[in-house]
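Engineer: 3D model of this:
(one chain, ligands or ions: 2)
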Amino acid sequence: MEPAPKLNFNNGVRMDQVGFGTYKVPAPDAADLVTLALGTGYRHIDTAALYGNEEGVGEAVRDFIADENVNRNEIFLTSKVWNTDQGYDSTLRAFDATMARLGLDTLDLYLIHWPCPERGLFIDTYRALEELYRSGRVRAIGVSNFLPDHLQQLMDATDVVPAVNQVELHPWLQQRPLTKLHQELGIRTVAWSPLGRGAVLADPVISSIAADLGVSPARVILRWHMEQGNIAIPKASSAERIAENLDVFSFELTPEQQTAITGLDRNQRSGSHPDKVN
Ligand SMILES: NC(=O)C1=CN([C@@H]2O[C@H](COP(=O)(O)OP(=O)(O)OC[C@H]3O[C@@H](n4cnc5c(N)ncnc54)[C@H](OP(=O)(O)O)[C@@H]3O)[C@@H](O)[C@H]2O)C=CC1
Ligand SMILES: O=C(O)C(=O)[C@@H](O)[C@H](O)C(=O)CO
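Structural biologist: Ligands and ions are numbered 1, 2, ... in the order given. Coordinates of the predicted model:
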């Protein structure tokens, strides 16, 4: 299957518009599942220190590069510094630990996982990401779960504009004020839980559009993300679903279908609120 189109970051780095998410992929399963995703055509993998699967993700990436004669720069890998490692020196140590687990020399994108405003450390943490960026150990840096006021505080105090803000986003939580701010600031929106952890698949409007188009509800939702300009990182555990989630570039939604999906927005989170995680 053809890889997804690539979108440019504000620093010229390019990321596939569909990636493979690995939250809750058990460590023993990670190497095989990521290998399956890479073999299907994914060239963008999302993990994090929290997920406990960086060893398997790294093994899959390294083996795919060796076995398939693929260059390292053809695979885009994201990881994230966890909340308990926030702070300048601790973030640098956390990055070294992530790279040791991945078994790689460079990372394509490193993110602050949650702002954790009560810790008061996300600016120091981001300064460590800036150091990693300046030293060439990461190709791009960014944030995750940042709200507008977090972004403003960060950009007032630091130098490198985040390449992305990775946030929960799906038809029931469209985050329109935040995505508008992203566009104004030149920050890419990466949608985590793009399927609402599976819940949105059962929405009757999605099901009806899927029936009209003769595709699955997941492909409708992910096509919607593509047409919104989002980068989506669905997680799946079967070859069929992994392939299905990447096959979202052979059809389009009609304006009426787009409008119907826009109408599903109801500010409903499947995950935690950024102000509640510390
Ligand atoms: N930065 C952050 O704070 C966060 C980042 N993330 C990232 O976002 C990724 C995706 O989000 P996630 O929370 O996993 O949820 P998703 O919205 O990707 O949904 C995943 C769920 O949907 C099911 N599913 C996937 N594809 C299909 C399909 N084609 N048909 C039917 N069911 C399907 C999966 O089932 P099954 O696995 O059984 O196939 C799984 O239960 C994560 O893996 C992680 O990488 C997630 C949460 C927070
Ligand atoms: O948001 C939640 O409640 C979750 O369990 C996840 O978002 C988790 O906190 C996480 O950050 C996964 O990347």
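
Engineer: ok, the residue in the chain that ligand 1 sits nearest to - contacts?
Structural biologist: Nearest residue of the chain to ligand 1, counting by CB to the nearest ligand atom: residue 21, 2.5 Å away. (Glycine included, C-beta is placed from N, CA and C.) By CB atoms under 8 Å, 6 or more residues apart in numbering, residue 21 lies in contact with 46, 192, 233, 234, 235.

Engineer: hey, what's it bridged with?
Structural biologist: residue 46 (DSSP bridges).

Engineer: do I have it right that residue 85 meets residue 98?
Structural biologist: No. In this structure, residue 85 is not within contact of residue 98 by CB atoms under 8 Å, at 9.5 Å.

Engineer: who touches both of the two?
Structural biologist: With CB under 8 Å, 6+ apart, residue 85 and residue 98 have common neighbours residue 49.

Engineer: for burial, what's the neighbour tally of the closest residue to residue 201 other than its chain neighbours?
Structural biologist: Leaving aside its sequence neighbours, residue 201 sits nearest to residue 217 (CB to CB, 6 or more residues apart in numbering; 4.3 Å). For residue 217, the count of nearby residues is 20 (other CB atoms under 10 Å).

Engineer: could you measure from residue 217 over to ligand 2?
Structural biologist: 22 Å (CB to the nearest ligand atom, to the nearest Å).

Engineer: quick one: the strands in the stretch 151-278 of the chain?
Structural biologist: In the stretch 151-278 of the chain, the segments counted as strands under DSSP state E, counting those that start in this stretch are 164-168, 188-192, 231-232.

Engineer: can you report how many residues lie near the closest residue to ligand 2 within the chain?
Structural biologist: Closest residue of the chain to ligand 2, CB to the nearest ligand atom: residue 271 (2.8 Å). Neighbourhood size, residue 271 [other CB under 10 Å]: 15.

Engineer: show me the contacts for the residue nearest to it when sequence neighbours are not counted.
Structural biologist: Excluding its sequence neighbours, the residue lying closest to residue 271 (CB to CB, 6+ apart) is residue 168, at 5.0 Å. If you count contacts by CB under 8 Å, 6+ apart, residue 168 has them with 145, 175, 191, 192, 193, 269, 270, 271.

Engineer: residues contacting the spatially closest residue to the first one that is not a sequence neighbour?
Structural biologist: Going back to what we said before, that points to residue 145. Leaving aside its chain neighbours, residue 145 sits nearest to residue 274 (4.3 Å; criterion: CB to CB, 6+ apart). By CB under 8 Å, 6+ apart, the contact set of residue 274 is 114, 115, 145, 146, 147, 150.

Engineer: repeat that for 10 Å
Structural biologist: Contacts for residue 274 were tallied using CB atoms under 10 Å, 6 or more residues apart in numbering; they are 114, 115, 116, 117, 144, 145, 146, 147, 150, 167, 168.

Engineer: residue 123 too?
Structural biologist: 86, 88, 112, 115, 150, 153, 154, 156, 157, 158.

Engineer: how many neighbours does residue 213 have?
Structural biologist: If we define neighbours as other CB under 10 Å, then residue 213 has 16 of them.

Engineer: tell me how far it lies from residue 194.
Structural biologist: 18 Å (CB to CB, to the nearest Å).

Engineer: now residue 105
Structural biologist: 30 Å.

Engineer: these two: who's more crowded?
Structural biologist: When neighbours are counted by other CB under 10 Å, residue 194 comes out ahead of the other of residue 105 and residue 194, with 27 against 9.
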